[in-house]
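J.: return atomic coordinates for the entry below.
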Amino acid sequence: MPDADSLTWDPPAGRITGLVDGTVTRALGIPYARAERFARPEPMPPFDEPYPATTPAPVAPQPTATVVDQMLKPADGLVVDEHCQRLSITAPADLRPGERLPVMVWIHGGSYVIGGGDHPIYDARELVTEQRVVVVSVTFRLGILGFLGDGEHVPANLGLLDLIESLRWVRTNIAAFGGDPDLVTVFGQSAGGDAAAHLMISEGAAGLFRRAIIQSAPLGLSRGRARMNRAMLRAVGAVHADTPLDDLLERQVLGTRAAAPFGLAGGMPYGTQYGYAPLPDERALDRAWSGVARDVDVLIGSGSDEAGMYVPLVPVLRSLARSRLVRPLLRWLVVRPLSEVIYGRDVRRFTARHRAAGGRATSYRLLRGVTVTPTGAVHMSDLPLLLGGRAAWAGSRFVPERDWPEVERRGKAFRAIWAEFARTGRVTVADDATLTFDRG
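T.: This is a model prediction of the structure:
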């Protein structure tokens, strides 16, 4: 060890140096794959020299100053890089020799266009220290660079292929960091939950994980997108490996606009494309998910008022929400129905199909937001209970500073449920988490 605050690991990927950060150890920004623009990822060769894993993973190129960014505290220190296929590992600092802990691989959300695995809101310190698990946070290609292709000139689903490579890296190397490669759970929220569900049926992902936690996945938007994708491709036009990045991001906006007339699906225009590697044809989806049901335990759910997060973003709805008389009507006539169509309905369908095929599936519903005063659980309400900690969340639009003690209290129960599922595939109900479960 070079000094008291550094560590060295020797996985098959080659020697990696990281750091001790109080109660956890961290190996940050490890390249798990490499790829030229619009090309499939390839495994990284072993490092010839010790790799200094002390810098957070870069984020994929993405829009800036989005509405979600405005709701969060600034994320300082994250750089942008097209070569973003990196992962970061957080493990307990008091890991015992030979100890093998459950591994939880985090897939960030952001509608497949924003975010990154090392954003401060995804810090796994509390989950790791309280529950004694190893957490791997993955960063992958997004938007036009990762989730829009014609299958001929530009491959589709490149971001999903990145994720598969990350899981292969974990399978091969995680034991060196104290993780059990036979006890891997993928978990993700929003688009990350959608990706977790689709990894279950992705060619090449079989055997790479044992369980999946699918949080607030917009599965109601994932089907019937072929016409929309064709319209987006026409609007974007021909793109090449040498097209300037700024031009590509401008074209991404054109693709988003072209998707707008296609209804709710246009709210998340970039995403998985069926019938292109590694995904089956859309007509084969149910058969594919049924075919893997016995191999993957599933925990899947959503919040009671997911769509409520978007009310302040629509001027007319924001104005209506100011009225105490209108607010309840808005919740029952707009927020709840949209939440059901985009998120809730497919939780029940997914659970029923999985069980009918002989798999173990538990569904949940988060009933309360992250405030002291009871409110509906909007989109992202689960995240402060799971990841990030006070520095990342308290004082943001999601969590008023005065309410953090309540989030801290409920968060311990929430994290215990997630970790227990990762360990055993079972769910233990805890009242403090304000969750309801259907365990079948």
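J.: phi, psi for residue 188 please.
T.: Taking degrees, to the nearest 10, you get phi -160, psi 160 for the backbone angles of residue 188.
J.: need the helices for the stretch 151-300 of the chain, in chain order.
T.: Counting by DSSP state H, counting those that start in this stretch, the stretch 151-300 of the chain has helices at residues 158-173, 191-199, 226-236, 245-259, 285-291.
J.: surely residue 7 is within a strand?
T.: Yes. Looking at residue 7 with DSSP: H, G, I helix; E, B strand; the rest coil, it is inside a strand.
J.: and it, bridged to which residues?
T.: The partner list for residue 7 in beta bridges (DSSP bridges) reads residue 18.
J.: burial-wise, tell me which of the helices of the stretch 151-300 of the chain comes out on top.
T.: Of these, the one with the most neighbours on average (mean count of other C-beta atoms under 10 Å) is helix 191-199, at a mean of 26. Any C-beta I mention is one placed from the backbone N, CA and C, and that applies to glycine too.
J.: in terms of secondary structure, what does that helix contact?
T.: With contacts taken as 3 or more C-beta pairs under 8 Å, 6 or more residues apart in numbering; DSSP states H and E, helix 191-199 sits against strand 101-107, helix 158-173, strand 179-189, strand 211-215.
J.: what does it rub up against?
T.: Contact with helix 191-199 is made by 106-112, 159-160, 163-164, 167, 186-188, 205, 209, 212-219, 222, 268, 271-272, 279, 289, 300, 350, as judged by C-beta atoms under 8 Å, 6 or more residues apart in numbering.
J.: out of the helices and strands packed on helix 191-199, nearest to residue 142?
T.: Nearest to residue 142, of all these, is helix 158-173, at 6.1 Å by C-beta to C-beta.
J.: now that closest one: average pLDDT?
T.: For helix 158-173, mean pLDDT rounds to 98.
J.: and that helix, what does it pack against?
T.: Applying 3+ C-beta pairs under 8 Å, 6+ apart, one finds that helix 158-173 makes contact with strand 33-34, strand 42-43, strand 86-92, strand 101-107, strand 134-139, helix 143-146, strand 179-189, helix 191-199.
J.: try 6 Å
T.: In terms of contacts (3 or more C-beta pairs under 6 Å, 6 or more residues apart in numbering; DSSP states H and E), helix 158-173 is packed against no helix or strand at all.
J.: report the distance from it to the chain centre.
T.: Helix 158-173 has its C-alpha centroid displaced from the chain centroid by 14 Å (C-alpha atoms, centre = their mean, to the nearest Å).
J.: got a list of contacts for that helix?
T.: 11-13, 32-33, 40-41, 85, 87, 136, 138, 140-141, 146-147, 181, 202, 204-205, 208 (C-beta atoms under 6 Å, 6 or more residues apart in numbering).
J.: go on, stretch 17-31?
T.: Residues contacting stretch 17-31 (C-beta under 6 Å, 6+ apart): 5-8, 16, 44, 50, 52-57, 86-91, 93, 125, 128-129.
J.: what does stretch 394-402 give?
T.: Here stretch 394-402 has contacts from 71-73, 370, 384, 393, 404, 407, using C-beta under 6 Å, 6+ apart.
J.: which one of these is nearest to residue 378?
T.: Nearest to residue 378 among these, counting by C-beta to C-beta, is residue 370 at 9.3 Å.
J.: tell me which element residue 436 is part of?
T.: strand 435-438 (DSSP states H and E).
J.: which neighbouring elements make contact with that strand?
T.: Judged by 3+ C-beta pairs under 6 Å, 6+ apart, strand 435-438 is in contact with strand 361-366.
J.: parallel or antiparallel, which strands does the strand it packs on pair with?
T.: Sheet pairing of strand 361-366 (DSSP bridges) gives strand 297-303 (parallel), strand 435-438 (antiparallel).
J.: following it, which helix or strand shows up next?
T.: Counting by DSSP H and E, what follows strand 361-366 is helix 383-386.
J.: could I get the average pLDDT for that following helix?
T.: Taken as a whole, helix 383-386 has an average pLDDT of 96.
J.: report all helices and strands that it contacts.
T.: Against helix 383-386 (3+ C-beta pairs under 6 Å, 6+ apart) you get helix 404-424.
J.: need the helices and strands packed on helix 191-199 in TSV (columns: distance to residue 355).
T.: Conversion of those to TSV gives the following (distance: least, C-beta to C-beta, whole Å):
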stretch	distance to residue 355
strand 101-107	23
helix 158-173	25
strand 179-189	19
strand 211-215	14
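J.: still on that earlier bit, just the buried subset of the contacts of stretch 17-31, written out for PyMOL, thanks.
T.: Burial among the contacts of stretch 17-31 is assessed by 16 or more other C-beta atoms under 10 Å; the matching PyMOL selection reads:
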select buried, resi 7+16+44+53+56+57+86+87+88+89+90+91+125+128+129
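J.: OK, contacts around residue 178?
T.: Neighbours of residue 178 in contact, by C-beta under 6 Å, 6+ apart: 91, 95, 99, 101, 134.
J.: of those residues - the most surrounded one?
T.: Within the contacts of residue 178, neighbour counts (other C-beta atoms under 10 Å) peak at residue 134, which reaches 30 neighbours.
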